[in-house]
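> whatever this is, show me its structure:
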Amino acid sequence: KKKKDVVVIEEDEAEEDGEEEESDNDDHCHLCSKGGDLVCCDGCPRSFHAKCLGVKSAEDLEDPWYCKGCSKKRIKASDERSARKAAKANGAADSDGEEKK
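Modelled structure (predicted):
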């Protein structure tokens, strides 16, 4: 038989409906290091207060939401994919007998 993982949480961390919620994100704000109501990044374990992010409410953020560090990584990865696709497309055009500029 396999053992089941047991997650122990503090009473004040339990959901109101009695269900326990698991999170891989930090339980403190990455910017101010305090706990409370946090917005969790969907790309890494970092969490933030909406106020620390400069927004009034978490509802003002996109869903899924990515912190600045993850957003930069995602943009860079997207740019690299686009460059590879363009290079591949140009290579295919070159092999079709079109002249290179």
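> could you pull out the helices for this structure?
Using DSSP state H, the helices found in the chain span residues 50-53, 68-95.
> buried sites along the first one?
Within helix 50-53, the residues scored as buried using 16 or more other CB atoms under 10 Å are Ala50, Cys52, Leu53. Where you see a C-beta, it was placed from the backbone N, CA and C, and this is true even at glycine.
> what is the mean pLDDT for stretch 37-55?
Mean per-residue pLDDT for stretch 37-55: 95.
> go ahead and name everything in contact with that stretch.
With contact meaning CB atoms under 8 Å, 6 or more residues apart in numbering, stretch 37-55 is reached by 23-32, 34, 36, 56-58, 60-61, 64-67, 69-70, 73-74.
> who's in contact with Arg81?
With CB under 8 Å, 6+ apart, Arg81 has no contacts at all.
> relative to Leu53, how far out is it?
27 Å (CB to CB, to the nearest Å).
> count of residues packed around Cys67?
21 (other CB atoms under 10 Å).
> contacting residues for it?
By CB under 8 Å, 6+ apart, the contact set of Cys67 is His30, Cys41, Gly43, Cys44, Arg46, Phe48.
> if we use 6 Å, what do you get?
Cys41, Arg46 (CB atoms under 6 Å, 6 or more residues apart in numbering).
> how about the one 5 residues further on?
Applying CB under 6 Å, 6+ apart to Lys72 gives no contacts.
> so which of the buried residues of helix 50-53 comes closest to Ala86?
For the buried residues of helix 50-53, the closest approach to Ala86 (CB to CB) belongs to Leu53, at 34.0 Å.
> measure the closest one to Ser23 for me?
Leu53 is 18 Å from Ser23, by CB to CB.
> likewise Phe48?
14 Å.
> looking at those two, which is more packed in?
A direct count of neighbours by other CB under 10 Å for Phe48 and Ser23 places Phe48 higher, at 25 against 13.
> quick check: which ranges of the chain have low pLDDT?
1-22, 93-101 (pLDDT under 70).
> mind doing that once more with 90?
Applying pLDDT under 90 to the chain picks out residues 1-24, 76, 88-101.
> burial count for the nearest residue to Asp24 once chain neighbours are set aside?
Leaving aside its sequence neighbours, Asp24 sits nearest to Pro45 (CB to CB, 6 or more residues apart in numbering; 5.8 Å). Close neighbours of Pro45, defined as other CB under 10 Å, add up to 13.
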